[in-house]
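> Pasted the sequence and its predicted model underneath.
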Amino acid sequence: MANKKFSTFDKFDLEPFAGQLTKYLKIESQFVEGSFVLSLNSEFGSGKTTFLEMWQEKLQEEKSANVVLLNSWQSDFHGDALLAIVSRLLDAVDSLIDKPEKESIKEIAGKLCKFALSIGNDVVSKFTGIDFIKAGERAENGNFKNETTLGHACFEVYHEKQKIFDELKSQLTKITEKTKEPIIIIIDELDRCRPTYAIEFLETIKHFFDIKGLIFVLGVDKGQLESSAKALFGNELNFDEYYRKFAHRNTSLPVKSPEMINKFSIKLINEYLSLDAFKKRNRFSYIKHDQYRTKDILTLCEKFSLNARQMHELFRISAHIFSLTKESKSYLLWGWHIGVLFMTTISIKDKIFFQRIGQKDVKLEEFTGFLKRNFFYQDLGRHGFWWAALLYLGMFGANSPQQFKNEFVKLGVWDESEQEDTFQKELARYFEAYEFWGSGSKQVFCEIYEMLEQVKTFEK
């Protein structure tokens, strides 16, 4: 797979943030005695992994740090956090150490890993000359003569383990002292690991790699990591205090602000819904996308809190629905255009509710409640009526204006003191949005549901 660069993959315009992050790490790491650990928090699907890959590439190009990216989830099935980190650390400083030095570190880490995982009988026998299994059998038979010997053996095992630990730390410290630039180890996907392995990983960083010159960046969904910790230690765990002993600082990937969502959406619009995008795929657009639809898409992405992965899905599916294999002189009317975008969003955010719409199992009052929970009409101003008209007509085109008026009042987009005929006149302006080849549809969203389901099952 090609290396990901900010110049080609950065849809959130995060390159300035990456530069600030690098500068911050270099300065802040000077104020701790050992290694410095930063927790970079962002939810699943927010583009965290892509950012870390682009940032790693930038650091390597600039040669501003010795950097490696470690996907902890990929090492989960090995169960060896220590070896996973040492392996990637050696990759980061490959040009700074010779082969004998590298092999020495591998051997030491391997010995220590045996002790860290378990004290097996073969390991104990190797270092102490005592067979614990046979000794245990004698103890069970009432022969306690070796009790003192066993105690000394346990002490020797502990002493040997500490000796190997000190040796490994000494070797790694020598490496960090050789480097002019810091060694940055980026840990990704820790929140996807088994709870036991995730916690082991954190403990390993804290106890085995607390070495000046090492900087760890943990790319995590902090909420998921908290669930892992509580799965082990109980729901009463104060996770923020627990996590504080591992991470010196916490920061968040700045991808949830309206400004960032706008930047990302506009780039996806150009990639999927522009005329050039359809031409590149040898398809023809059945819509006329303009600045008004762009604003509508931004509203959906913001109001329904779509993350980067979900936004990608919204644009990919919508582009599929809007495309034709042959050029056509007919175009999808703007109500259907909005309806497809809205229904695709619902299919991503709430699959159960989406299915119920398709099965005509949603009542008028329930739909109002759904919109109130998710859409926040109060800050849309006059445009709130516009959205309400399109969505209610798309869902319940056969209902009377009086029924709609009551729901519009509940949403706060219509003043109930207004005359009845005024509301009807305002609403009538939107019926044409769903005219389709000269005939109006009364169940637009149900038809759109069928379109989306057909895309999933490759029927059309």
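Noted; the coordinates are in hand. Numbering: from 1, shown residues only.

> make it CA atoms for all contacts and neighbour counts henceforth
Noted.

> so which helix or strand takes in residue 371?
helix 364-375 (DSSP states H and E).

> quick check: angle from whatever helix or strand comes next after that helix to helix 364-375?
Downstream of helix 364-375, the first helix or strand assigned by DSSP H and E is helix 383-395. Going by axes from the mean of the first three to the mean of the last three C-alpha atoms, to 10 degrees, helix 383-395 is angled at 130 degrees with respect to helix 364-375.

> who does helix 383-395 touch, helix- and strand-wise?
For helix 383-395, the packing partners by 3 or more C-alpha pairs under 8 Å, 6 or more residues apart in numbering; DSSP states H and E come out as helix 334-349, helix 401-411, helix 444-456.

> Now do the helix or strand just after the longest one, average pLDDT.
Past helix 334-349, heading to the C-terminal end, the next element that is a helix or strand (DSSP H and E) is helix 351-358. Regarding helix 351-358, the rounded mean pLDDT is 95.

> what does helix 351-358 contact?
If you take C-alpha atoms under 8 Å, 6 or more residues apart in numbering as the criterion, helix 351-358 is touched by 343, 346-347, 362, 395, 445-447, 449-450.

> could those be laid out in JSON lines, adding distance to residue 180?
Output for the contacts of helix 351-358, formatted as JSON lines (distance: C-alpha to C-alpha, whole Å):
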{"residue": "343", "distance to residue 180": "54"}
{"residue": "346", "distance to residue 180": "52"}
{"residue": "347", "distance to residue 180": "51"}
{"residue": "362", "distance to residue 180": "64"}
{"residue": "395", "distance to residue 180": "64"}
{"residue": "445", "distance to residue 180": "62"}
{"residue": "446", "distance to residue 180": "63"}
{"residue": "447", "distance to residue 180": "64"}
{"residue": "449", "distance to residue 180": "59"}
{"residue": "450", "distance to residue 180": "61"}
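
> Check those for burial and list the buried ones.
Buried members of the contacts of helix 351-358, scored by 16 or more other C-alpha atoms under 10 Å, are 343, 346-347, 362, 395, 445-447, 449.

> got TSV for those, with pLDDT too?
Shown next, in TSV, are the buried ones among the contacts of helix 351-358 (pLDDT from 0 to 100):
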residue	pLDDT
343	96
346	95
347	95
362	95
395	92
445	92
446	92
447	90
449	94
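
> low-scoring pLDDT stretches of the stretch 301-450 of the chain, where are they?
Applying pLDDT under 70 to the stretch 301-450 of the chain picks out residues 325-332, 376, 378, 435-441.

> And for the stretch 51-200 of the chain?
Residues of the stretch 51-200 of the chain that meet the cut-off, pLDDT under 70, sit at 77-79, 113-155, 157-158.

> out of the helices and strands packed on helix 383-395, nearest to residue 187?
Closest to residue 187 of the helices and strands packed on helix 383-395 is helix 334-349 (C-alpha to C-alpha; 28.6 Å).

> ok, residues contacting the closest one?
287, 293, 296-297, 300, 304, 306, 310, 313-314, 317-318, 321, 353-355, 390-391, 394, 433-434, 444-445, 448-449, 452.

> between the buried ones among the contacts of helix 351-358, which is nearest residue 198?
Scanning those for proximity to residue 198, where the rule is C-alpha to C-alpha, the winner is residue 347, at 32.1 Å.

> so how far is residue 445 from the closest one?
12 Å (C-alpha to C-alpha, to the nearest Å).

> one step back: and the furthest pair within the contacts of helix 351-358?
Spanning the widest gap among those are 362 and 450, at 16.1 Å by C-alpha to C-alpha.

> Leaving out sequence neighbours, find the closest residue to residue 447.
Leaving aside its sequence neighbours, residue 447 sits nearest to residue 358 (C-alpha to C-alpha, 6 or more residues apart in numbering; 8.0 Å).

> Kindly apply the preceding question to residue 388 instead.
According to C-alpha to C-alpha, 6+ apart, the nearest residue to residue 388 is residue 408 (7.1 Å).

> what about that neighbour, neighbour count?
21 (other C-alpha atoms under 10 Å).

> In contact with it, which residues are there?
Residue 408 neighbours (C-alpha under 8 Å, 6+ apart): 385, 388, 414.

> any chance of these in a markdown table, with neighbour count and distance to residue 91 too?
Output for these, formatted as a markdown table (neighbours: other C-alpha atoms under 10 Å; distance: C-alpha to C-alpha, whole Å):
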| residue | neighbour count | distance to residue 91 |
| --- | --- | --- |
| 385 | 19 | 59 |
| 388 | 21 | 57 |
| 414 | 18 | 64 |
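
> Please identify which of those residues is nearest to residue 373.
Using C-alpha to C-alpha, residue 388 comes nearest to residue 373 of the contacts of residue 408, at 13.8 Å.

> how near is the closest one to residue 366?
Noted for residue 388: a distance of 14 Å to residue 366, by C-alpha to C-alpha.

> likewise residue 453?
In this view, residue 453 and residue 366 are 23 Å apart by C-alpha to C-alpha.

> So which of those two has more stuff around it?
residue 453 (16 against 11).

> For the more buried one, give its distance to residue 355.
From residue 453 to residue 355 the distance is 10 Å (C-alpha to C-alpha).

> Quick check: can you list the domain ranges of the protein?
The record assigns the chain these domain ranges, following automatic domain parsing: 6-252, 258-456.

> what ranges do the strands span in this structure?
Taking DSSP state E to define them, one finds strands in the chain at 36-41, 66-71, 183-188, 214-220, 249-252, 284-285, 323-324, 435-436, 439-440.

> Just send those back as a markdown table, with mean neighbour count too.
Compiled in a markdown table, the strands of the chain are given as follows (neighbours: other C-alpha atoms under 10 Å):
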| stretch | mean neighbour count |
| --- | --- |
| strand 36-41 | 23 |
| strand 66-71 | 22 |
| strand 183-188 | 24 |
| strand 214-220 | 22 |
| strand 249-252 | 14 |
| strand 284-285 | 22 |
| strand 323-324 | 16 |
| strand 435-436 | 16 |
| strand 439-440 | 12 |
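
> Looking at the ones you listed, spot the one closest to residue 379.
Comparing the strands of the chain by C-alpha to C-alpha, strand 249-252 comes nearest, at 26.2 Å.

> what's next to the closest one, contact-wise?
37-42.

> which one among these gets closest to residue 281?
For those, the nearest to residue 281 is residue 42 (32.5 Å; C-alpha to C-alpha).
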